[in-house]
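> sequence below, structure please.
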Amino acid sequence: MFNQSKIVGLPVSRIDGPLKVTGQAKYAAEHFEPGMLFGHVALATIACGRISYIYTGAAERLAGVIKIYTHENRPKLAYRDKKWKDEVALPGHPFRALESDRVLFDGQPVAFIIAETPEAARDAAVLIKVEYAIDEPHTDIIAEQHNSYEPPVARMKQFLPPPPRGDAENAFSAATYKISADYIIEGEHHNPMELFSTTVLFEQDGELTIHDKTQGSQNARDHVCGVFGLDPEKVVVKNSFVGGAFGQALRPKYNLVLAVMASLDLRRSIKVEMTRREMFYLTWRPSSIQAVSLAADKDGHLQSVMHHAVHATSRYEDYQENVANWSGLAYKCDNAKLSYEIVQLDMATPGDMRAPGAATGVTALETAMDELAYTVGIDPMELRIRNFAHRDQDKDKAITSKALHACYREGAARFGWAERSPQPRSMRDGHDLVGWGMAGGIWEAMMAPAEATVRLFADGRSVVSAAASDIGTGTYTILAQLAAEAFDTPINSVTVKIGVSSLPKTGVQGGSWTAASTGSAVQKAAKTVIKTLLGHARKMENSPLADASEEHVEIAEGRLVLESNHQAGIAVADIMEATGISSIEEHGKVGPDVLTMMKFAAYTHSAVFVEVKVDEDLNVVRVTRVVSAVAAGRILNPKTARSQILGGVVMGLGMALHEEAMIDNRTGRIMNHNLAEYHVPTHADIHDIDVIFVEEDDDKVSPIGVKGLGEIGIVGVAAAVSNAIFHATGKRVRHFPITIDKILESEVLQ
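As a prediction, the model looks like this:
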């Protein structure tokens, strides 16, 4: 761990902020060179079937059109699935644009137009005529759930439900209090501000510089090299700035493959930018059906937990999430049975969307816990406290740290939970029914292998380099803070270079592990710089650091000094001058501590408190207050950290009340593929959101004590809103999003 913070832990403004607000930050679609061509995709208008005839003649004759690719003339690409699989690929057959005449989902690319202007490419797409042999689509998870199955190949071992413990069925039957209910969550679509785009800059020697919207430049590079058989040394992928992603950009999208394909075929630079409509066809949080059964004794202690989850996948890949397992580890219970299945639909493969699995599974669990609290007759927060788990029972491991009690305590105090009237429909504000609900949140605290280099110059400037991405989370800033603290310099003396595939290796940015992983690599590299500097200082004549050890020195005010006596030291510039160098660069490589994680499990935790006001006649719901108390280890930057939780809460409100993929199951088509009809929370929907970071010191989860924040902000929010609506109205709605019609159709529970 670092010593007492000098800049780490302070609410530093984003160092990339000025570039973004002045328009100087260039995103994937904003790179240009004279003579480049533009691509546009024509989309299928069916969800399932085959292309029986495609006519491109009129489009080809349009002025400015250079070439049109279809399944009939697409250049030969890699055949084996292995060549198409990226770093986070799924079991199955990865999607390949224009591979054949088969249509697998609504909005699938059926033609790719290259033209001299984006307008010409777009207009040509309208002129392409396609005739289909249409098959009956199956897109309704409720109708298809009987076809669900356990994935034959696990995407990740930790997604597999643990073996049953105890005897959950008999314990449920014998318990005094019990509830059993089904929870349905409709599919959601990622809607980041930046559209998916790829700009390929073609060099005549065959080298490619690719600007792509991605959460992993090296993953995108390796994918391209696999598909096209390219030399990785001749391909550079850059994603210096990413306008939001939320998991949608973890896997390379077809715009990348099509753009590179056309560039190599035509030996020209190519730009492809998707439309907002296309964004809805790419990936999505899958629809799900979850059956949760909970039982407790007269004191509210859990006697049985059973959770069965089914969610959608595509026909060609087995998308998998960790949905049910949270119910086995969130609360102490000796009898648990968890199961998980997927069901194929005629839709595009779902993908990771902020807190994948947890946002879904915890919504069902925490709503069920609220139902159990009312059944037993105790306060919903008290029920959770009585069943507090000090150990991960799924994995039978100790937990590195768990400050959830502090989340309950501080969140409840800030919210005023003690003033809550427990009876539903008992709190009012004029004509509005007032409801207070709460829920817990949990997410894995992970660390992935990562590398970074740090270069320190004699004048105190430093450069941090890693391939890591900044998808809006503040990666630039926290890496600069870590280097600035290590060298005791102002943050503006640090240059951060990230988002380029040729930089030191990191994984995709996702799972809330980037700060812990790349941040730890930066810390290690910086410490190695200091170690090297000390080695040079020891060799200097009459050096006051001749006998110093690396554990007992630091850089302070431009000097390498003893921690215990800053008078004993040498200026960094003098050390480098005496050595005949102008800078020192070192490499840091980190990964999970395997021995530690064999004994421990690590999680972030939260407690979410929500106030809603519901118009008694119209049943319009307003979320008027949210308090989110989070335990996430060391907080590197409270300002960017708070932003992450705020964003997560807003997405959670969307999950609770707004976001829903509306599918016409007769045709299998997405009907609300635009932001006019796909509802997301707007400014008018968002009121007071209060974020609390409770103190939590964790010396096992990562070398810098960081747990990650990107996911935990959304987990539990939808359940807390649902629970508040029940408290306000006495109506329990188990189908998300909770819309006015569902509240109207529900009866007040006695």
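> show me what the helix or strand harbouring residue 483 is packed against.
Here residue 483 sits within helix 475-487, counting by DSSP states H and E. Counting contacts by 3 or more CB pairs under 8 Å, 6 or more residues apart in numbering; DSSP states H and E, helix 475-487 is packed against strand 450-457, strand 462-465, strand 494-497, helix 514-538. Yep, even glycine has a C-beta here, placed from its N, CA and C like the rest.
> for the helix or strand bottoming out on mean pLDDT in the chain, buried residues please.
Between all helices and strands in the chain, the lowest mean by mean pLDDT, DSSP states H and E belongs to helix 594-599, at a mean of 92. Burial within helix 594-599, assessed by neighbour count using 16 or more other CB atoms under 10 Å, is assigned to residue 597.
> what's downstream of that helix, the next helix or strand?
strand 600-601.
> output the contacting helices and strands for that next one.
strand 397-399.
> who's in contact with residue 412?
381, 418, 438, 607, 609 (CB atoms under 8 Å, 6 or more residues apart in numbering).
> now these: which count as buried?
Among those, those classed as buried by 16+ other CB under 10 Å are 381, 438, 607, 609.
> surely residue 265 is within a helix?
Yes. Per DSSP: H, G, I helix; E, B strand; the rest coil, residue 265 lies within a helix segment.
> leaving out sequence neighbours, find the closest residue to it.
residue 75 (5.3 Å; CB to CB, 6 or more residues apart in numbering).
> kindly report the same for residue 280.
Closest to residue 280 by CB to CB, 6+ apart is residue 673, at 4.0 Å.
> you'd agree that neighbour is up against residue 107?
Yes. Proximity of residue 673 to residue 107 meets the contact threshold set by CB atoms under 8 Å, at 7.3 Å.
> surely residue 590 meets residue 703?
Yes. Contact criterion CB under 8 Å: residue 590 and residue 703 qualify, at 6.6 Å.
> more neighbours: those two, which one.
residue 590 (24 against 21; other CB atoms under 10 Å).
> beta partners for the more buried one?
residue 450 (DSSP bridges).
> any idea how far it lies from residue 466?
11 Å (CB to CB, to the nearest Å).
> again with residue 166
46 Å.
> checking the one residue sitting closest to the centre of the chain next. Helix, strand or coil?
Residue closest to the average C-alpha location in the chain (CA atoms, centre = their mean): residue 354, at 3.8 Å. With three-state DSSP as the basis, residue 354 sits in coil.
> on the pLDDT front, check it for me.
The confidence metric pLDDT takes the value 97 at residue 354.
> residues near the closest residue in space to it that isn't next to it in sequence, how many?
Using CB to CB, 6+ apart and skipping the chain neighbours, the partner closest in space to residue 354 is residue 246 (4.7 Å). Applying other CB under 10 Å, we find 26 residues neighbouring residue 246.
> swap in residue 502?
15.
> tally of neighbours for the nearest residue to it once chain neighbours are set aside?
Excluding the flanking residues, the one nearest residue 502 by CB to CB, 6+ apart is residue 236, at 5.4 Å. Neighbour count of residue 236, defined by other CB under 10 Å: 18.
> contact partners of the one helix or strand residue 236 maps to?
Per DSSP H and E: residue 236 is located in strand 235-238. The contact list for strand 235-238 (CB under 8 Å, 6+ apart) reads 207-212, 214, 217-218, 220-221, 224-225, 499-502.
> residues of that strand that come out buried?
Here strand 235-238 shows 235-238 as buried, counting by 16+ other CB under 10 Å.
> for stretch 126-139, same thing?
Within stretch 126-139, the residues scored as buried using 16+ other CB under 10 Å are 127-128, 130, 132, 134, 137-139.
> could you work out the most separated pair of the residues you listed?
127 and 138 (31.8 Å; CB to CB).
> circling back to that earlier point, anything in contact with each of residue 590 and residue 466?
In terms of CB under 8 Å, 6+ apart, residue 590 and residue 466 are both contacted by the residues 450-451, 521.
> of the residues you listed, buried ones?
450-451, 521.
> rebuild these as JSON lines, extending it with pLDDT and distance to residue 95.
Output for those, formatted as JSON lines (pLDDT from 0 to 100; distance: CB to CB, whole Å):
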{"residue": "450", "pLDDT": "98", "distance to residue 95": "29"}
{"residue": "451", "pLDDT": "98", "distance to residue 95": "31"}
{"residue": "521", "pLDDT": "98", "distance to residue 95": "33"}
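> adding distance to residue 546 and pLDDT, write the buried residues of strand 235-238 out as TSV.
Below are the buried residues of strand 235-238 laid out as TSV (distance: CB to CB, whole Å; pLDDT from 0 to 100):
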residue	distance to residue 546	pLDDT
235	49	98
236	45	98
237	47	98
238	45	98
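> what's the closest of those to residue 329?
residue 237 (37.3 Å).
> that closest one and residue 505: what is the separation?
Residue 237 is 13 Å from residue 505, where distance means CB to CB.
> and residue 132, what element?
strand 129-134.
> for whichever helix or strand comes after that strand, C-alpha coordinates in PDB please.
Downstream of strand 129-134, the next assigned helix or strand under DSSP H and E is helix 141-144. What follows is helix 141-144, C-alpha atoms only, in PDB (Å, rounded to 0.1, in the frame of the first residue of the first chain):
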ATOM      1  CA  ILE A 141     -38.600 -15.900 -23.800                       C
ATOM      2  CA  ILE A 142     -41.800 -16.600 -21.900                       C
ATOM      3  CA  ALA A 143     -43.000 -18.800 -24.700                       C
ATOM      4  CA  GLU A 144     -39.600 -20.400 -25.300                       C
END
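> burial of residue 219, as a residue count?
Using other CB under 10 Å, residue 219 has 26 neighbouring residues.
> nearest spatial neighbour of it, chain-adjacent residues omitted?
residue 87 (4.3 Å).
> can you pull the contacts of the nearest residue to residue 96 once chain neighbours are set aside?
The shortest distance from residue 96 to any non-neighbouring residue, by CB to CB, 6+ apart, is to residue 84 (6.3 Å). Applying CB under 8 Å, 6+ apart to residue 84 gives the contacts 78, 94, 96, 223, 226-227.
> again, but for residue 622
Going by CB under 8 Å, 6+ apart, the list of residues near residue 622 reads 432, 612-614, 685, 687.
> can you check residue 510 too?
Contacts of residue 510 (CB under 8 Å, 6+ apart): 88, 215, 247, 250, 352, 710.
> you'd agree the first one is up against residue 250?
Think residue 88. Yes. Using CB under 8 Å, residue 88 makes contact with residue 250 at a distance of 5.2 Å.
> still on that earlier bit, which neighbours do residue 673 and residue 107 share?
Shared between the contact lists of residue 673 and residue 107 (criterion: CB under 8 Å, 6+ apart) are residues 277, 280-281.
> phi and psi next, for residue 743.
phi -70, psi -40 (degrees, to the nearest 10).
> just the strands in the stretch 551-700 of the chain please.
Applying DSSP state E, counting those that start in this stretch to the stretch 551-700 of the chain gives strands spanning 553-556, 559-562, 565-571, 583-590, 600-601, 603-615, 621-631, 663-664, 669-670, 688-693.
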